[in-house]
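[1] sharing a model prediction with you, sequence too.
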Amino acid sequence: MVARIPYPATVPKYYAVASEVATMEFLRSSGLPVPQVYGYSPASDNAAKTEYIFMEFMRGTKLSDVWLELRESDIVSILRQLVQLESQMMSISFPAGGSLYYTHDLEKVAGRAAIPLKDERFCVGPDTRLPMWYGRRSQLDVDRGPYESAEAALVAGARKELAYLEQFGQPLLPFRRERRDGYQYQEQSPSAHIENLKRYLLIASSLVPRDPALGHFCIRHPDLQQNNIVVRRSSESGWQVVSLLDWQHASILPLFLLAGIPQRLQNHNDPVSQSMTPPSLPENFDELDETERTEAEEVYGRRLVHYHYVKNTEECNKPHYDAMTDPMCVLRSRLFDHAGNPWEGETLELKTALMRATERWEKLTGEGAPCPIVFDAEDVRETTKLNEVQGKADKAFEVWQNMLGLGPEGWVPTQHYEEAVALCKQMKEEALTEVTSEEERAEIMTHWPWDDMDEGKYM
């Protein structure tokens, strides 16, 4: 048995625990391989004084622990199994968007409307996605679902963020310190993001696809990656996916907003993957030195995963394939995500997506009416230039992150932590030896990307 206790920073605790339990039990009853829940408490008023879930221990191995040992045929087989499981869960239609709950758990929380499923033990209630509750956002009285229409789902995140900025907004340096140089290390006013959120809300209703099949409410794993996939090998059937773990913050949304290759499996920045060309090693692979071979194998591996995920989705999950290959799928998702994400001192990504929407308005909406938002030519030029600057900063930062062995947001395996800290310290010391002014020294000391930082004012 496994006991799962939420982190102190987990929000919203009651809803997150209650929804994770109901999601696992609902999917398990639908034939999906998820752990059985033996007991739980979404509130801390119990003998343990904490929220908890007692669940089944799934025998097997995390896919991340064996990934590098797998043969190509094993990887292809596992990807096919994952797509088949996605097809099974995404074929389940829901009457509304939000997150899943046991009806009796929501009845304990006054003032929360819910929409029952056919199995009335379950219902759709408030959306538990983290951006809807992050930091002081949990104090806001805003609509978090259930969403009875695709348009309601599209606007909820932006309205939440608008309410947050109007109540708590203050000038901030960009949270991503590697991007601060592009703003001359100056704090950014929330007013620009407020303006862009209002622009988004003007076009949100037009983002709903005309094909009703793309708008049905469905569920998907919130973080499908190797650490959340348990596999087991047998002599008869090879590697089999035996469980999908970690359903915290799972949400029910229209298919067109859930569609896409999982973040940890996609390779969109590679033109070969973009073109869906079958991957292969370089023809001169045998002539490469060891370092070049390793790099070529890593590139091939990323292309292999991307390619076979898409091909299997086309074969086994056609509705999802149709949604993710819609030419406007990525733009809709970017608009939705950037409008709903917590403001962290930048509005560039949302503004760039809005500009793209004005350029592709006819293809995006199919409407004859003009786009209700307009950007002047000089604004477009300046924003495009800044976006190019920040794109270069992002790529340079990614190179350094990879060299240091760091994952997203600085995550590193426990056994490599001390080594990573030492490397970051060494890099900072080397950077300081190369400064040519006290101003440059102050910038490094204040904005070094891998130093600890007080995140309170971003919450």
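    Ah, there it is.

[2] after the helix or strand Glu430 falls within, which helix or strand is next?
    Per DSSP states H and E: Glu430 is located in helix 417-433. Of the helices and strands lying after helix 417-433 in sequence (DSSP H and E), the nearest is helix 438-447.

[3] that next one - contacts with which helices or strands?
    Packing contacts for helix 438-447, counted by 3 or more Cβ pairs under 8 Å, 6 or more residues apart in numbering; DSSP states H and E, involve helix 417-433. Just so you know, the C-beta spots here come from the backbone N, C-alpha and C atoms, and that holds for glycine as well.

[4] what's in contact with the helix it packs on?
    Residues from elsewhere that reach helix 417-433 (Cβ atoms under 8 Å, 6 or more residues apart in numbering): 400, 404-406, 412, 441, 444-445, 448, 450-451.

[5] can you lay out these as CSV showing neighbour count and distance to Ala43?
    Formatted as CSV, these follow (neighbours: other Cβ atoms under 10 Å; distance: Cβ to Cβ, whole Å):
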residue, neighbour count, distance to Ala43
Trp400, 15, 43
Leu404, 17, 41
Gly405, 12, 39
Leu406, 18, 36
Val412, 16, 34
Arg441, 13, 51
Ile444, 14, 47
Met445, 12, 45
Trp448, 18, 41
Trp450, 19, 38
Asp451, 13, 37
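
[6] which parts of the stretch 1-150 of the chain are helices?
    Assigned by DSSP state H, counting those that start in this stretch, the helices in the stretch 1-150 of the chain fall at 13-29, 63-66, 72-90, 103-107, 150-168.

[7] count of residues packed around the residue nearest to Gln167 when sequence neighbours are not counted?
    Nearest residue to Gln167 in three dimensions, chain neighbours excluded: Leu140, at 7.3 Å (Cβ to Cβ, 6 or more residues apart in numbering). For Leu140, the count of nearby residues is 18 (other Cβ atoms under 10 Å).

[8] enumerate every residue touching Leu140.
    Leu140 touches 160, 163-164, 167, counting by Cβ under 8 Å, 6+ apart.

[9] burial check on Asn227, number of neighbours?
    Quick note: Asn227 (other Cβ under 10 Å) scores 13 neighbours.

[10] in contact with it, which residues?
    62-64, 245-246.

[11] those into TSV, with extra columns for pLDDT, distance to Glu455 and neighbour count?
    Below are the contacts of Asn227 laid out as TSV (pLDDT from 0 to 100; distance: Cβ to Cβ, whole Å; neighbours: other Cβ atoms under 10 Å):
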residue	pLDDT	distance to Glu455	neighbour count
Lys62	97	29	16
Leu63	97	31	20
Ser64	94	27	14
Leu245	98	27	19
Asp246	97	23	19
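
[12] returning to what we had before: deepest of the helices of the stretch 1-150 of the chain, which one?
    helix 13-29 (a mean of 23; mean count of other Cβ atoms under 10 Å).

[13] could I get the average pLDDT for that helix?
    The average pLDDT for helix 13-29 rounds to 98.

[14] buried set for the helix or strand of the chain with the lowest mean pLDDT?
    Least confident helix or strand, the chain: helix 417-433 with a mean of 90, by mean pLDDT, DSSP states H and E. Going by neighbour count (16 or more other Cβ atoms under 10 Å), the buried part of helix 417-433 is 420, 423-424, 427.

[15] mind putting those residues into TSV with distance to Ile203?
    As requested, the buried residues of helix 417-433 are exported to TSV (distance: Cβ to Cβ, whole Å):
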residue	distance to Ile203
Ala420	43
Leu423	45
Cys424	42
Met427	43
